[in-house]
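> Test case, fold it:
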Amino acid sequence: MAKKAKAYVLDTWAVIAYLEDEPSGEQVEELIATAHEEQIPIYMSVVNVGEVWYTVAREVSEEEANASVKILSDLRIHFEDADWSLTQEAARFKSQNKMSYADCFAAALAKCKKADLVTGDGEFKPLDGEIKIQWI
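Prediction:
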């Protein structure tokens, strides 16, 4: 039996899949519903929230980007600020891996919160083992 997560961290890939109703977005929706039922917190770094915002703003509009962030807030996803401890951990990941800096913040938040990172983004593969990843 798989060990139940203490917390989840959503990366940008997972959130965009959810917002755009992609097939893997259904898994994200189920995970969010189960987390709420079981009172498991869900987090996102503000850096990743910003990445969601600019992605939606670029593809659709700023109004839609604002609506997307409101959806995340309404889903009771906790937006975590990037303090020095989190930033230093993200920078460490960046210095040792070929991955985007924003992805490093999601990984750092998962490590700091001892949470499962929820993603389908292959950039995180080198970190599988250092952080717990729930692949969708």
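> which SS state does residue 5 fall under?
Three-state call for residue 5 (DSSP: H, G, I helix; E, B strand; the rest coil): coil.
> Quick check: chain neighbours aside, which residue is closest to it?
In this structure, residue 5 finds its nearest non-sequential neighbour in residue 116, 4.2 Å apart by C-beta to C-beta, 6 or more residues apart in numbering. C-betas here are computed from N, CA, C, even on glycine.
> For this protein, give me the ranges with low pLDDT.
Flagging of the chain using pLDDT under 70 yields the residue ranges 1-3.
> Tell me where it has strands.
Listed in chain order, the strands of the chain (DSSP state E) span 8-10, 42-45, 78-80, 116-119, 132-135.
> the helices in the protein, which residues?
Assigned by DSSP state H, the helices in the chain fall at 12-19, 23-37, 46-59, 62-74, 84-96, 101-113.
> could those go into CSV alongside distance to residue 6?
Formatted as CSV, the helices of the chain follow (distance: least, C-beta to C-beta, whole Å):
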stretch, distance to residue 6
helix 12-19, 18
helix 23-37, 11
helix 46-59, 19
helix 62-74, 20
helix 84-96, 17
helix 101-113, 8
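> just to revisit the earlier point, return the most buried member of the strands of the chain.
For the strands of the chain, the largest average neighbour count (mean count of other C-beta atoms under 10 Å) is found in strand 8-10, namely a mean of 29.
> what's next to that one, contact-wise?
The contact list for strand 8-10, computed with C-beta atoms under 8 Å, 6 or more residues apart in numbering, reads 28, 31, 35, 40-45, 48, 77, 106, 109-110, 113, 115-118, 134.
> Thanks a lot, catch you later.
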